[in-house]
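Sharing a model that was predicted from the sequence below.
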Amino acid sequence: MARAPQRLTTQRAVDRHLRQLVELDPRLRAVRDAVGDVPLRSREPGFAGLARIVCGQQVSVASADAIWGRLQALPGGTTPDGFLALGQQGLQGVGLSQGKFRTLTLLAGALAAGELDLPAIEAMPADAAIAALTRHKGIGPWTAEIYLMFCAGHPDIFPAGDIALQKAVGDALTPGQYPDRAQLIGIATAWSPYRATAALLFWRFYRKLRQRDGLGL
């Protein structure tokens, strides 16, 4: 049985996976050459990491950064107990929608009660980890995939529902035609077991083409 690839917790791991990815699919050589370096993107695990991802759901990068900055500035705002103690009144002015407030309240409560064990989930294989996370209300596939990529360094996850990735892959491989989520899942199977590095590469490609980031993390 082949060993699972190293987790993406260092720049060296990203660089190694990128070399192996390009060998696996030579079409990506031109994409890599266009973007240059592909930096590691990692975030703190736990409630803070989840909260930052939830803040970035369905809003612009600038809006996500502003919301996250205000939440971070509140004492205890990025810990489960602190978030629960602040409550809706203490979080006024942060910019959380009602939906995001409810999601983070549920997640903070689950973590505080021991019903959501993030370290245990992070150690699981990717598919099992995604299934475990999405059992919790407010965590959909995209949120689970982004958390596992950036906060746990899972090497073989590709968030095919991400619009920026759909556009970047379309621009690179099928100009004028953008794959939907199902199509992109199929395309990305060719990049296993380095799909997370492929995602990093295409987010970078998206940023270069459009001069703006596709992910507020």
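Received, thanks.

Show me the shaky parts of the chain.
In the predicted model, the chain carries pLDDT under 70 at residues 1-3, 212-217.

Can you pull the domain assignment for it?
11-41+157-210, 47-152 (automatic domain parsing).

So which of those domains is nearest P5?
Among the domains of the chain, the nearest to P5 by Cβ to Cβ is domain 11-41+157-210 (4.9 Å). No exception for glycine: its C-beta is placed from N, CA and C like everyone else's.

What's the end-to-end length of the closest one?
25 Å (Cα to Cα, to the nearest Å).

Look up how far R41 lies from the residue nearest the centre of the chain.
Centroid check for the chain by Cα atoms, centre = their mean gives I146 as the closest residue, at 1.9 Å. To R41, I146 is 10 Å away according to Cβ to Cβ, to the nearest Å.

re earlier: go ahead and report the secondary structure state at the residue nearest to the centre of the chain.
helix (DSSP: H, G, I helix; E, B strand; the rest coil).

In this structure it contacts P159, no?
Yes: between I146 and P159 there is a contact at 6.0 Å, judged by Cβ atoms under 8 Å.

tell me the contacts of the residue lying closest to the residue nearest to the centre of the chain once chain neighbours are set aside?
For I146, ignoring the flanking residues on the chain, the nearest one in space by Cβ to Cβ, 6 or more residues apart in numbering is I53 at 5.2 Å. Applying Cβ atoms under 8 Å, 6 or more residues apart in numbering, we find I53 in contact with T143, I146, Y147, F150, L217.

Okay, and the first one sits in which element?
What it means is T143. Assigned by DSSP states H and E, T143 belongs to helix 141-152.
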